[in-house]
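Q: Just need the structure, nothing else, for what follows:
(chains A and B)
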There are 2 protein chains.
Amino acid sequence: MQMPTGVHALVRRTHEDRVLRALQENGAMSRGEIARVVGLSRTTLSDIVGSLLQRGAIVVMDTDAARRAGSGRPAERLTLDPASAQYMGVDFGHRRVHVVVADASHEIMLSGSVRYEDSASWPVRTELALSLLARLSAEGGVHYGALQGIGIGVPGPYPAPEGAPWPRATAGATVLRPAPENVDVAFAERFGAPVIVDNNTRLAALAEAISGPESVADLVYVRLSDGVGGGLVVGGQLVTGSGGLAGELGHVTVEPAGRPCRCGKRGCLETVASVPGILATCWEFGLPLEDLDALAAAVDRAHPVVDRVLREAAAAIGRVVGAATMTLDPAKVVIGGEITRIAPVIVEQAAATLAGELFPTASAGPVVEAARLSDEDGALGALAAVFHSSPLIAKYPETAEVKGRTDARVSTTERAGHART
Amino acid sequence: MQMPTGVHALVRRTHEDRVLRALQENGAMSRGEIARVVGLSRTTLSDIVGSLLQRGAIVVMDTDAARRAGSGRPAERLTLDPASAQYMGVDFGHRRVHVVVADASHEIMLSGSVRYEDSASWPVRTELALSLLARLSAEGGVHYGALQGIGIGVPGPYPAPEGAPWPRATAGATVLRPAPENVDVAFAERFGAPVIVDNNTRLAALAEAISGPESVADLVYVRLSDGVGGGLVVGGQLVTGSGGLAGELGHVTVEPAGRPCRCGKRGCLETVASVPGILATCWEFGLPLEDLDALAAAVDRAHPVVDRVLREAAAAIGRVVGAATMTLDPAKVVIGGEITRIAPVIVEQAAATLAGELFPTASAGPVVEAARLSDEDGALGALAAVFHSSPLIAKYPETAEVKGRTDARVSTTERAGHART
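A: Numbers count the residues shown, from 1 in each chain, chains lettered A, B, ... in the order given. Just a heads-up that it's a prediction; the model follows:
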């Protein structure tokens, strides 16, 4: 299957989106009715409809013979195929892959996960994910012939920058792999749909942005785990940066003479606010804690050293996120990672410190809150990335009505995986 | 003139853009030829072409009678009107307004400026700008009937946040006005075109992003003057933030126990790196300098106190911009303001400090450079904002070819001023 590229692919996707949207809003329609609603020529429409029928996105429901007043050949009425998956989200973690599949109205149709060894190669991981998807499809009676897009989350910077620090500065810490090169091609070839790949912490930021009661267009996300990662949503778009390194809040310097960091600098936020950083500070204060479970027990006992260490770590987070807030003016700041569930004081103290970094006379700073989604919800972020890439269906109506303003904003970011083959 | 709003306005603008682009690429065409090239139905196309003819964006050049092989009524051939302005940029400063007008290929057709008193009201400023534009139009033989968009830069946060600090915390410093409410309506009503309004420091950031030999999609801009302002371009888009305050790099804390800032905090970057801040530090070191001219003379004499003060101020800039760089991973950092022309050491030292904030093993950080455009070039930023709002003509082909990747990215941000009337 050869897909058009560049401007033509974009125009075609836009036309397809409009046809699908018209069918979603109006129910079954004839070709003539669709042409009138979307304002396309018969020739262009025929081409688009033919492709959607062939891919199984739409089906012929009946003809209008029964309802027809005049004479002539009855027209076929077309409708969305309810068994047709439209969006796919895939999250590759270090030890498992999680997949979710959604229909045209963004409802989850299928989900599942499969574990693998940390040492599993990317071809093995990819094949496990594809097998899982095939099994879910057969069990659920859902087909993937009409996917509008596939989002894939991977660990590590994406796109992997040349000279990325991760593979070099191991020093015994968890090393994030650079993004695997061909995972997108494998999915694009299997399903014939555009693929978006991004770092999974970044995708988690996007999932947080749209998971609350009201989605927000500007969000700063920081996640505390073995390291400290981050992700930014700015103007409704996920931020990659010029070299794939945007969101590295964990490597902003907070103590110029502080501990060496695995990145090669000293006193990065990560050295004081990651789980290993917090445990190390506890040791320095004479409280040897082995792991998160021991930390949780100390928090339960309201141990004063633990409280102090957590508050100091959280204050450092508040200063770094405060500077990011002055820079980006987000509506929301989200702090994630299992440790924030164990120790809510982290979010409380970070919010308090952050408030002191803002304009004293401004009416309100960002909402600061713990992550809504767990580390296991990564595939929802990948799915969110695909929703956002489909402008007329997903993003446009939302931002058009923000605050009752008359601004119109539409964006599409897609990766036409097929163009590389 | 009633303009459609929401999705319909957007689809219509997209159609108009495609028709204009087709005429720009192919020269004169008949309606039938245009319909085939852009894939619109005859009915939709007739509507679009009628509107473009009425507004004067396109004109009837001739008929195809001479070149026609078959019989039948000759078809009119349509072409872009070379006297038709397509884009307008307006920069309202404290004491003058500067305007530029460009054609479909982004060439400047007209430009000019007019001064006013700092105390001039917004209705007076607006009327002066409109009169200037009318005079330039008459002198240049250019008409504004087919403007695709108008960009307007204003001082101060935009949109003006509720409880914005500026009008309250005067303390003798220059007070930036909140953005004037109706300047956009006045221009939209006069010209019947979408209007984009934004803070002029932000628009200067956009102008810097596209003014180099290669435009960059991710840029951090900081300007040193009476205060310290900033602007961000992220993923090719100007960043406003959730409350209009994005880019306030001047109010990131650099010395928690430092001088009081006009914003009500202590030790903001502005207190050490604005022109008044630098002069105040010189006074503290026993070197009383009255103004920029005196500073320039001291720089010329290579006065050691001045060098030290400038380097310390620049190091503070480097730390703040370094944190912003870890957050956003920009391709370029630009430092502007007249003082950087007087004292190039500021940019040199800021770049050196910034380098120490980045991943030691990463191959390259952002390019750090002095602003290319002067404070007088603000209208180019406003114009750039409008270029960027017209996806098919301006932005798409550019980002589609970045790094030879196959990503497609299209964005439109427009403000349909007429919808408010």
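Q: now A:D377, nearest residue through space, not along the chain?
A: Among residues not flanking A:D377 along the chain, A:A207 sits closest, at 6.5 Å (C-beta to C-beta, 6 or more residues apart in numbering or on different chains). (Glycine included, C-beta is placed from N, CA and C.)
Q: Test my guess that that neighbour contacts A:G381.
A: Yes: if you go by C-beta atoms under 8 Å, A:A207 and A:G381 touch, sitting 3.7 Å apart.
Q: who touches both of the two?
A: In terms of C-beta atoms under 8 Å, 6 or more residues apart in numbering or on different chains, A:A207 and A:G381 are both contacted by the residues A:L373.
Q: domains for chain A, by residue range?
A: Annotated domains of chain A cover A:1-81, A:83-212+A:374-421, A:213-371 [automatic domain parsing].
Q: Now do the strands in chain A.
A: Ranges of strands within chain A are A:29-30, A:58-63, A:76-80, A:87-92, A:96-102, A:108-115, A:149-154, A:195-199, A:219-224, A:228-234, A:237-238, A:332-336, A:367-370, A:407-415, based on DSSP state E.
Q: lowest-confidence stretch among these?
A: Taking the mean pLDDT of each of these, the lowest value is held by strand A:407-415, a mean of 28.
Q: Please state the backbone phi and psi of A:E290?
A: Main-chain dihedrals, A:E290, degrees, to the nearest 10: phi -80, psi -40.
Q: Distance-wise, check it relative to A:R259.
A: 19 Å (C-beta to C-beta, to the nearest Å).
Q: Is A:I58 in contact with A:V49, as I believe?
A: Yes: applying C-beta under 8 Å, one finds A:I58 in contact with A:V49, separated by 7.3 Å.
Q: Need the phi and psi values for the residue of the stretch 301-421 of chain A found nearest chain B.
A: Proximity of the stretch 301-421 of chain A to chain B (C-beta to the nearest C-beta) peaks at A:D329, 2.5 Å away. Backbone dihedrals for A:D329, given as degrees, to the nearest 10, come out at phi 50, psi 60.
Q: quick one: contacts for the closest residue to it other than its chain neighbours?
A: Nearest residue to A:D329 in three dimensions, chain neighbours excluded: B:G241, at 2.5 Å (C-beta to C-beta, 6+ apart). Counting by C-beta under 8 Å, 6+ apart, B:G241 touches A:D218, A:L328, A:D329, A:P330, B:G247.
Q: could you pull out the helices for the stretch 301-421 of chain A?
A: Counting by DSSP state H, counting those that start in this stretch, the stretch 301-421 of chain A has helices at residues A:304-328, A:338-342, A:345-355, A:378-389, A:396-400.
Q: tell me the most buried of the ones you listed?
A: helix A:378-389 (a mean of 27; mean count of other C-beta atoms under 10 Å in any protein chain shown).
Q: ok, back up a step: so for the residue nearest to A:D377, what's the pLDDT?
A: For A:A207, the model assigns a pLDDT of 88.
Q: I figured A:G244 hits A:L238, correct?
A: No: using C-beta under 8 Å, A:G244 is not in contact with A:L238, being 11.8 Å away.
Q: So between those two, which is more surrounded?
A: A:L238 (25 against 21; other C-beta atoms under 10 Å in any protein chain shown).
Q: what about the stretch 101-250 of chain A, any weak spots by pLDDT?
A: Filtered on pLDDT under 70, the stretch 101-250 of chain A yields the residue ranges A:157-181.
Q: ok so, going back, could the strands of chain A go into a markdown table alongside distance to B:G264?
A: A markdown table is the format used below for those (distance: least, C-beta to C-beta, whole Å):
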| stretch | distance to B:G264 |
| --- | --- |
| strand A:29-30 | 60 |
| strand A:58-63 | 59 |
| strand A:76-80 | 56 |
| strand A:87-92 | 44 |
| strand A:96-102 | 46 |
| strand A:108-115 | 47 |
| strand A:149-154 | 41 |
| strand A:195-199 | 37 |
| strand A:219-224 | 23 |
| strand A:228-234 | 26 |
| strand A:237-238 | 32 |
| strand A:332-336 | 21 |
| strand A:367-370 | 20 |
| strand A:407-415 | 31 |
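Q: Please tabulate those strands in TSV, including the columns distance to chain B.
A: Output for those, formatted as TSV (distance: least, C-beta to the nearest C-beta, whole Å):
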stretch	distance to chain B
strand A:29-30	16
strand A:58-63	20
strand A:76-80	18
strand A:87-92	18
strand A:96-102	22
strand A:108-115	27
strand A:149-154	12
strand A:195-199	9
strand A:219-224	8
strand A:228-234	5
strand A:237-238	5
strand A:332-336	8
strand A:367-370	10
strand A:407-415	4
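Q: hang on, the earlier thing: any chance of the helices of the stretch 301-421 of chain A in CSV with mean pLDDT as columns?
A: As requested, the helices of the stretch 301-421 of chain A are exported to CSV (pLDDT from 0 to 100):
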stretch, mean pLDDT
helix A:304-328, 97
helix A:338-342, 93
helix A:345-355, 97
helix A:378-389, 81
helix A:396-400, 27
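Q: what's the residue nearest to A:D377 in contact with, if anything?
A: So A:A207 contacts A:L373, A:D377, A:G378, A:L380, A:G381, A:L383, A:A384 (C-beta under 8 Å, 6+ apart).
Q: Retrieve the pLDDT associated with the residue nearest to A:S105 when sequence neighbours are not counted.
A: Residue nearest to A:S105 in three dimensions, not counting chain neighbours: A:Q24, with 7.1 Å by C-beta to C-beta, 6+ apart. Confidence at A:Q24, expressed as pLDDT, is 84.
Q: For A:Q24, the count of nearby residues, please.
A: Residues lying near A:Q24 (other C-beta under 10 Å) number 14.
Q: The closest residue to A:L295 other than its chain neighbours and chain B, how far apart?
A: Computed as C-beta to C-beta, 6+ apart, the closest residue to A:L295 that is not its neighbour in sequence is A:L289, at 5.2 Å. Distance from A:L289 to chain B, counting by C-beta to the nearest C-beta, to the nearest Å: 29 Å.
Q: Pull the number of nearby residues for A:L289.
A: The burial count assigned to A:L289 is 20, neighbours taken as other C-beta under 10 Å.
Q: ditto for the one 10 residues further on
A: One way to gauge burial is a neighbour count; for A:V299, by other C-beta under 10 Å, it gives 17.
Q: Check the gap between the closest residue to it other than its chain neighbours and A:G337 for me.
A: Nearest residue to A:V299, sequence neighbours excluded (C-beta to C-beta, 6+ apart): A:A343, at 5.1 Å. Distance, A:A343 to A:G337, by C-beta to C-beta: 10 Å.
Q: hmm, back to that, got CSV for the helices of the stretch 301-421 of chain A, with distance to A:P213 too?
A: Converted to CSV, the helices of the stretch 301-421 of chain A look like this (distance: least, C-beta to C-beta, whole Å):
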stretch, distance to A:P213
helix A:304-328, 21
helix A:338-342, 20
helix A:345-355, 18
helix A:378-389, 16
helix A:396-400, 13
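Q: Out of those helices, which gets nearest to A:L269?
A: helix A:304-328 (5.1 Å; C-beta to C-beta).
Q: Quick one: distance of that closest one to the chain centre.
A: Averaging C-alpha coordinates over helix A:304-328 and over its chain gives two centres that are 25 Å apart (C-alpha atoms, centre = their mean, to the nearest Å).
Q: for stretch A:336-349, same thing?
A: When distances are taken as C-alpha atoms, centre = their mean, stretch A:336-349 is centred 22 Å away from the chain's centroid.
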